[in-house]
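J.: Mind folding the following:
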Amino acid sequence: MTAATRSLHVTLERLPSLAEVERDWRDLEGRSDRSFFMSWAWMGAWLGVLPSHVRPELLRVESQGRIVALGVLVGRLIRRHGVFLSRALFLNSTGDSHLDELTIEYNGLLSERGFERKAAQGCVEFLLSRDDWDEWFLDGVKDPGLFDQMSLGGARWLARRRSKCHYVDLEALRRSGGEYLGLLGSHTRYNIRRSIREYEKLGPLVLESAATPQQASAFLSGLSQLHQAYWQQKGLPGSFANPFFNEFHAELIRSHFAEGSIQLLRMSAGKAVLGYLYNFVDQGRVYNYQSGYDYELCQKQYSRPGFVTHVYAVELNRTAGHHIYDFMAGDSEYKQTLGLASSDMVWLVAQRSRLRFALEDYLRKIWSKRRRTTSVRRKSAGESASFPARGR
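T.: So this is what the prediction gives:
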């Protein structure tokens, strides 16, 4: 290890009992600046419902006998393009798209304040000392510079995806003394107010927050029905078609609703339900995770149930004294339009020097060049080019 990390002791072991992990995790939580996704609420529910064939390991960093960082690694053999094999490690995820539909964001190590960079560097150096992996995936990392500026020796960091996280600063909104809607663009304000007037023809608009675990489960059921109907009309299965996804969220609500970290909202116009929001609330930050809306309640040109519901939800959470209303990663129109500020998030992979990866890069460049050349030829001939999307 480097001089900066020599005082750290890093270990990787098969996951102990959940009771033991919870004890250490909750203790470290109190000494960390973590996101909701690094809380025991999320991690405990995830570990508790993982299928038995997934074998998570606990990455532990200690300094003078005190735990200063924790993370969960899952190993998986992956094959890309049907050819290239990789022994992959995943931080707080599995590499299985079915299980990872949960979509972790604001990911990283759970670290004691002041040890964030030192612990991350210690883990990188520890993993580099082992030769039993080829790639290390870190999905949805909240601090892009924490890892990707670290030296990997003969390995390299690759950014698989970058995204903005649009949000509303509720503290600044309170200080302004004005209403949230008034800070949005004039065109957006006009459209939302027009939609509100249309919905009010059905009855008064009311945003209700689930008060009990039973009501929260009922709201989530209503949300899933609207969510599924929307995506299935587009020929896609929708997240709630995934049994693991449903099992996880049922456990999360059952175990942690009483802690106040789960917010399920129902927006109604009289007796008609416009839609639902599923949010996480942690340390004053409200994370908008899922939604489901009814787009058939009014004429299509006025149908903006999502915009209307979010405007009411922002005001509700401002009144509740929270600090941030976070639309999370993505550049959907509503996120860009309703967010007043943004931060960065990145999906990283640490890739070791392997001949197969060099060959993969070479073939990808050839394919990319061929696509560009063919596209130019088709356009010059007045044709439209259509190619299959390339995936990892």
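J.: can we go C-alpha only for contacts and neighbour counts from here?
T.: OK.
J.: so how far is stretch 322-336 off the chain centroid?
T.: Mean-position distance between stretch 322-336 and its chain equals 11 Å (Cα atoms, centre = their mean, to the nearest Å).
J.: ignore the last one, stretch 108-123
T.: Chain-centre distance of stretch 108-123: 20 Å, with Cα atoms, centre = their mean.
J.: same question, stretch 48-68
T.: Per Cα atoms, centre = their mean, the centroid offset for stretch 48-68 relative to its chain is 20 Å.
J.: If you count neighbours, what's buried in it?
T.: Of all the residues in stretch 48-68, those buried under the rule 16 or more other Cα atoms under 10 Å are 50, 56, 57, 58, 59, 60, 61, 62, 63, 67, 68.
J.: Please identify which pair of these lies farthest apart.
T.: Farthest pair in the buried residues of stretch 48-68 (Cα to Cα) is 50 and 63. Separation: 30.0 Å.
J.: Mind telling me what element the closest residue to residue 336 other than its chain neighbours is part of?
T.: Excluding the flanking residues, the one nearest residue 336 by Cα to Cα, 6 or more residues apart in numbering is residue 166, at 6.4 Å. Element membership of residue 166, judged by DSSP states H and E, is strand 156-169.
J.: Could you export that strand as PDB, CA atoms only?
T.: Coordinates of each C-alpha in strand 156-169 appear next as PDB, following Å, rounded to 0.1, in the frame of the first residue of the first chain:
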ATOM      1  CA  ARG A 156      -7.700   1.900 -16.300                       C
ATOM      2  CA  TRP A 157     -11.000   3.600 -15.300                       C
ATOM      3  CA  LEU A 158     -13.700   3.700 -17.900                       C
ATOM      4  CA  ALA A 159     -16.900   5.700 -17.700                       C
ATOM      5  CA  ARG A 160     -19.600   3.500 -19.000                       C
ATOM      6  CA  ARG A 161     -22.300   6.200 -18.500                       C
ATOM      7  CA  ARG A 162     -22.500   9.700 -17.200                       C
ATOM      8  CA  SER A 163     -25.700  11.400 -16.100                       C
ATOM      9  CA  LYS A 164     -27.100  14.500 -14.500                       C
ATOM     10  CA  CYS A 165     -29.200  14.300 -11.300                       C
ATOM     11  CA  HIS A 166     -31.700  17.200 -11.400                       C
ATOM     12  CA  TYR A 167     -33.000  18.500  -8.200                       C
ATOM     13  CA  VAL A 168     -34.800  21.300  -6.300                       C
ATOM     14  CA  ASP A 169     -33.000  23.000  -3.400                       C
END
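J.: Quick check: residue 193 vs residue 136, distance?
T.: Per Cα to Cα, to the nearest Å, residue 193 is found 47 Å from residue 136.
J.: Give the bridge partners for residue 67, please.
T.: Residue 67 has these beta-bridge partners by DSSP bridges: residue 62.
J.: my guess is it meets residue 28, correct?
T.: Yes. Between residue 67 and residue 28 there is a contact under Cα atoms under 8 Å: 7.2 Å.
J.: returning to what we had before: neighbour count: residue 193 and residue 136, which is higher?
T.: Legend: neighbour count by other Cα atoms under 10 Å for residue 193 and residue 136, higher for residue 136 (23 against 14).
J.: Return the set of buried residues in the strand holding residue 166.
T.: 157, 162, 163, 164, 165, 166, 167, 168, 169.
J.: Return the per-residue confidence for the third one.
T.: Turning to residue 163, the model gives it a pLDDT of 94.
J.: contacting residues for it?
T.: Counting by Cα atoms under 8 Å, 6 or more residues apart in numbering, residue 163 makes contact with 329, 330, 331, 344, 345, 346.
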